[in-house]
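Asker: Generate coordinates for the sequence data below:
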Amino acid sequence: MEKCLEDLLMKASILIDKGDYKKAEKILKALLFLDNKDHYTNFEYARLLLEKPKRKKELINVLLFLYCEYNDINATLELGKIEFNDGNLKNARMYFESALKLCENPVALQYLIYINIHEEKYKEAYKLYKKFIKYDYKECHDSVNMGITLHNKLNLPISKHLKKSYFYQQLTDYNEDKAIEHIKRHLEKKDHSVYSNIVNVDALYRDSIIKIQNINPNTFMVVDKYVLDYNYIVGTSRNKITNRVEVVTIPNTKDILTIYPKANSKLKAKIINNNNFLR
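Answerer: Next comes the predicted model:
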């Protein structure tokens, strides 16, 4: 790529980092018009499309081009994440395993561990986990619970310190009262997700158990997560009102660990006072 074109590509990359997607796209489309197969231009265009959720199909096409033509590891990982989030675990596994063939990558290891835990392939998950913990991968907030789950499932030793954790205690001896008490922490104003004072947590817990019985989790990692919508404001999430909760359960079970208000960008409803969860 000529120097002037390289400078334009660098400018587009900086604009993406700054969030000026309109100007960045204009530059990238001009560069793609000149050479629609250039690796780096397509890579930056994929980065831009990652910020445009409504253009998912276009993003996938660019990622597939990078994957097929250049064996690009970042494209491989993003395709794996998309398949994972869509629930297509066979395809997700294929992409993450392909990424590991290119290099040992903590993201690929992390998601393969999630998939193996979900599929109850604990020995396979543990082999990957031993590699994963070598990395100081700060994007994975649940690596401790990942270890607790695998050590418990494989009857491996667990430290006394970890045995005191809420997650371990519920994993090994589930207690509804403890779960409800844990959920009630979201009645406190200091939390980033806070219930409205009209919500009865005990009733919400019982209602959630019924609602999740015959549905699959929306997402799963070390825990399973279900999203439930109500016809009233349940509280706030990051200082924005919401009618949505996220129900978190022990993996592959319906045992609820916690429930908290979850942001809902589509919320248009007003507060409804007559509901089943009034105090």
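Asker: Relative to residue 262, how far out is the residue nearest the centre of the chain?
Answerer: By CA atoms, centre = their mean, the chain has its centre lying nearest to residue 219, at 7.0 Å. Noted for residue 219: a distance of 11 Å to residue 262, by CB to CB, to the nearest Å. Just so you know, the C-beta spots here come from the backbone N, C-alpha and C atoms, and that holds for glycine as well.
Asker: Also residue 247?
Answerer: Distance from residue 247 to residue 262, counting by CB to CB: 9 Å.
Asker: so what's in contact with the two at the same time?
Answerer: Listed as contacting both residue 247 and residue 262 by CB atoms under 8 Å, 6 or more residues apart in numbering are residue 227.
Asker: Test my guess that residue 237 contacts residue 246.
Answerer: No: at 9.0 Å, residue 237 and residue 246 do not qualify as touching, with contact defined as CB atoms under 8 Å.
Asker: Pull up the overlap in contacts between the two.
Answerer: By CB under 8 Å, 6+ apart, the residues touching both residue 237 and residue 246 are 260, 262.
Asker: Contacts only, for residue 81.
Answerer: Under the criterion of CB under 8 Å, 6+ apart, the neighbours of residue 81 are 92, 111.
Asker: tell me which element it is part of?
Answerer: Counting by DSSP states H and E, the element that carries residue 81 is helix 73-85.
Asker: before we move on, the earlier item: of residue 247 and residue 262, give the one with the bigger neighbour count.
Answerer: residue 247 (25 against 20; other CB atoms under 10 Å).
Asker: That one looks like it's in a helix, true?
Answerer: No: in this structure, residue 247 is strand, not part of a helix, as judged by DSSP: H, G, I helix; E, B strand; the rest coil.
Asker: ok, for it, nearest residue in space, not its chain neighbours?
Answerer: With CB to CB, 6 or more residues apart in numbering as the criterion, residue 247 has its nearest non-adjacent residue at 4.3 Å, and that residue is residue 226.
Asker: Got the phi and psi for that neighbour?
Answerer: Main-chain torsions, residue 226, degrees, to the nearest 10: phi -120, psi 140.
Asker: right, and it touches residue 246 too?
Answerer: Yes: counting by CB under 8 Å, residue 226 does reach residue 246; the two are 7.1 Å apart.
Asker: returning to what we had before: not counting its neighbours along the chain, what's nearest the residue nearest to the centre of the chain?
Answerer: residue 225 (4.7 Å).
Asker: Could you list the paired strands of the host helix or strand of the one you found along with their orientation?
Answerer: For residue 225, the host element (DSSP H and E) is strand 224-229. Strand 224-229 pairs in its sheet with strand 219-220 (antiparallel), strand 244-249 (antiparallel), by DSSP bridges.
Asker: quick one: average pLDDT of that strand?
Answerer: For strand 224-229, mean pLDDT is 96.
Asker: ditto for stretch 137-148
Answerer: The pLDDT scores in stretch 137-148 average 87.
Asker: Only alpha carbons, please: show it as CSV.
Answerer: Below are the C-alpha coordinates for stretch 137-148, written out as CSV (Å, rounded to 0.1, in the frame of the first residue of the first chain):
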residue,chain,number,x,y,z
TYR,A,137,-6.8,-11.8,31.3
LYS,A,138,-8.8,-9.1,33.0
GLU,A,139,-11.8,-9.3,30.6
CYS,A,140,-12.7,-12.6,32.3
HIS,A,141,-14.4,-11.5,35.5
ASP,A,142,-15.6,-15.1,36.5
SER,A,143,-12.3,-17.0,36.3
VAL,A,144,-12.5,-17.8,40.0
ASN,A,145,-16.0,-19.3,39.7
MET,A,146,-14.8,-21.1,36.6
GLY,A,147,-12.1,-22.8,38.7
ILE,A,148,-14.6,-23.5,41.5
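Asker: Mind listing what's buried along it?
Answerer: 140, 143, 145-148 (16 or more other CB atoms under 10 Å).
Asker: and the nearest residue to residue 56 once chain neighbours are set aside, how many residues sit next to it?
Answerer: Distance criterion CB to CB, 6+ apart; nearest residue to residue 56, sequence neighbours excluded, is residue 82 at 7.5 Å. Residue 82 has 17 neighbours, counted by other CB under 10 Å.
Asker: try residue 109
Answerer: Look at residue 109: counted by other CB under 10 Å, it has 25 neighbours.
Asker: from what I can see it touches residue 131, true?
Answerer: Yes: contact criterion CB under 8 Å: residue 109 and residue 131 qualify, at 5.7 Å.
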